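Colleague: A structural model of the following input is requested.
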Amino acid sequence: MALSDVELTVNLYAEGEKFFDLLKAAIRDWRSSPWGHERERAGYALELYRRGLDVLRAHLEEARARAEVGYFTAEDERLLSRAEGRLLYWEKKLAELTEGVVEK
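Modeller: Numbering: from 1, shown residues only. Next comes the predicted model:
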(Lines give C-alpha, C1' and ligand atoms only; values in the text may rest on other atoms or scores of the structure.)
Protein backbone atom coordinates (compact mmCIF):
# COMPACT_ATOMS: atom_id res chain seq x y z
CA MET A 1 0.00 0.00 0.00
CA ALA A 2 1.34 3.41 -0.98
CA LEU A 3 0.68 6.61 0.92
CA SER A 4 -0.94 8.02 -2.21
CA ASP A 5 -3.63 5.35 -1.86
CA VAL A 6 -5.12 7.26 1.07
CA GLU A 7 -5.14 10.78 -0.39
CA LEU A 8 -8.31 12.79 -0.80
CA THR A 9 -8.82 15.29 -3.59
CA VAL A 10 -11.49 17.98 -3.58
CA ASN A 11 -12.51 19.62 -6.85
CA LEU A 12 -12.85 23.23 -5.73
CA TYR A 13 -14.80 24.20 -8.81
CA ALA A 14 -17.43 21.47 -8.41
CA GLU A 15 -17.38 21.05 -4.61
CA GLY A 16 -15.85 24.28 -3.35
CA GLU A 17 -19.08 25.68 -1.93
CA LYS A 18 -19.62 22.68 0.34
CA PHE A 19 -15.91 22.44 1.17
CA PHE A 20 -15.53 26.05 2.29
CA ASP A 21 -18.92 26.11 4.02
CA LEU A 22 -18.06 23.01 6.03
CA LEU A 23 -14.70 24.46 7.06
CA LYS A 24 -16.32 27.81 7.91
CA ALA A 25 -18.75 26.04 10.25
CA ALA A 26 -15.97 24.04 11.91
CA ILE A 27 -13.87 27.16 12.47
CA ARG A 28 -16.79 29.16 13.83
CA ASP A 29 -18.13 26.40 16.08
CA TRP A 30 -14.88 25.01 17.49
CA ARG A 31 -12.47 27.91 17.79
CA SER A 32 -13.86 29.06 21.16
CA SER A 33 -14.48 25.59 22.53
CA PRO A 34 -13.32 24.82 26.06
CA TRP A 35 -11.89 21.58 24.66
CA GLY A 36 -8.36 21.69 23.31
CA HIS A 37 -8.95 19.00 20.68
CA GLU A 38 -11.83 21.03 19.21
CA ARG A 39 -9.69 24.18 19.07
CA GLU A 40 -7.01 22.13 17.27
CA ARG A 41 -9.63 20.98 14.76
CA ALA A 42 -10.66 24.60 14.20
CA GLY A 43 -7.02 25.49 13.57
CA TYR A 44 -6.69 22.66 11.07
CA ALA A 45 -9.93 23.72 9.38
CA LEU A 46 -8.55 27.27 9.11
CA GLU A 47 -5.34 25.92 7.57
CA LEU A 48 -7.30 23.85 5.02
CA TYR A 49 -9.50 26.85 4.23
CA ARG A 50 -6.47 29.02 3.52
CA ARG A 51 -4.78 26.31 1.47
CA GLY A 52 -7.97 25.85 -0.54
CA LEU A 53 -8.14 29.57 -1.25
CA ASP A 54 -4.46 29.61 -2.26
CA VAL A 55 -4.97 26.71 -4.69
CA LEU A 56 -8.11 28.26 -6.16
CA ARG A 57 -6.49 31.70 -6.48
CA ALA A 58 -3.41 30.27 -8.23
CA HIS A 59 -5.55 28.26 -10.62
CA LEU A 60 -7.73 31.24 -11.52
CA GLU A 61 -4.70 33.50 -12.06
CA GLU A 62 -3.19 30.90 -14.38
CA ALA A 63 -6.49 30.38 -16.20
CA ARG A 64 -6.93 34.15 -16.65
CA ALA A 65 -3.39 34.51 -18.02
CA ARG A 66 -3.87 31.60 -20.46
CA ALA A 67 -7.25 32.92 -21.55
CA GLU A 68 -5.95 36.38 -22.30
CA VAL A 69 -3.35 35.09 -24.77
CA GLY A 70 -5.40 32.34 -26.39
CA TYR A 71 -8.84 31.53 -27.65
CA PHE A 72 -11.33 32.84 -25.11
CA THR A 73 -15.09 32.58 -25.63
CA ALA A 74 -17.85 34.50 -23.88
CA GLU A 75 -18.70 31.28 -22.02
CA ASP A 76 -15.09 30.96 -20.84
CA GLU A 77 -15.25 34.52 -19.53
CA ARG A 78 -18.54 33.84 -17.76
CA LEU A 79 -17.19 30.72 -16.05
CA LEU A 80 -13.96 32.42 -15.04
CA SER A 81 -15.73 35.52 -13.75
CA ARG A 82 -18.13 33.38 -11.72
CA ALA A 83 -15.25 31.44 -10.16
CA GLU A 84 -13.39 34.69 -9.38
CA GLY A 85 -16.54 36.04 -7.73
CA ARG A 86 -16.81 32.94 -5.56
CA LEU A 87 -13.15 33.30 -4.58
CA LEU A 88 -13.79 36.88 -3.44
CA TYR A 89 -16.83 35.70 -1.49
CA TRP A 90 -14.89 33.00 0.37
CA GLU A 91 -11.99 35.37 1.03
CA LYS A 92 -14.51 37.79 2.57
CA LYS A 93 -15.95 35.00 4.74
CA LEU A 94 -12.44 34.12 5.93
CA ALA A 95 -11.82 37.76 6.86
CA GLU A 96 -15.09 37.82 8.80
CA LEU A 97 -14.19 34.60 10.61
CA THR A 98 -10.74 35.77 11.62
CA GLU A 99 -11.56 39.42 12.35
CA GLY A 100 -10.36 40.23 15.84
CA VAL A 101 -9.21 36.66 16.47
CA VAL A 102 -5.70 36.23 17.79
CA GLU A 103 -4.21 33.00 16.42
CA LYS A 104 -1.87 30.86 18.46
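Colleague: Who are the packing partners of the single longest helix found in the chain?
Modeller: In the chain, assigned by DSSP state H, the helix with the most residues is helix 36-69. On a contact count with 3 or more CB pairs under 8 Å, 6 or more residues apart in numbering; DSSP states H and E, helix 36-69 meets helix 12-30, helix 74-98. C-beta here means a position set from N, CA and C on the backbone, and glycine is covered the same way.
Colleague: how far does the last one sit from the chain's center?
Modeller: Between the centre of helix 74-98 and the centre of its chain there are 10 Å (CA atoms, centre = their mean, to the nearest Å).
Colleague: Touching that helix from outside, list them.
Modeller: Residues outside helix 74-98 that contact it (CB atoms under 8 Å, 6 or more residues apart in numbering): 13, 16-17, 20, 24, 27-28, 46, 49-50, 53, 56-57, 60, 63-64, 67.
Colleague: Run through the chain and note the low-pLDDT ranges.
Modeller: By pLDDT under 70, the weakly predicted segments of the chain are 100-104.
Colleague: Buried residues in the longest helix of the chain, which are they?
Modeller: By 16 or more other CB atoms under 10 Å, the buried positions in helix 36-69 come out as 41-42, 45-46, 48-49, 52-53, 56, 60.
Colleague: Turn those residues into a markdown table, columns for distance to Ser4.
Modeller: Output for the buried residues of helix 36-69, formatted as a markdown table (distance: CB to CB, whole Å):
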| residue | distance to Ser4 |
| --- | --- |
| Arg41 | 25 |
| Ala42 | 28 |
| Ala45 | 24 |
| Leu46 | 26 |
| Leu48 | 19 |
| Tyr49 | 24 |
| Gly52 | 20 |
| Leu53 | 24 |
| Leu56 | 22 |
| Leu60 | 26 |
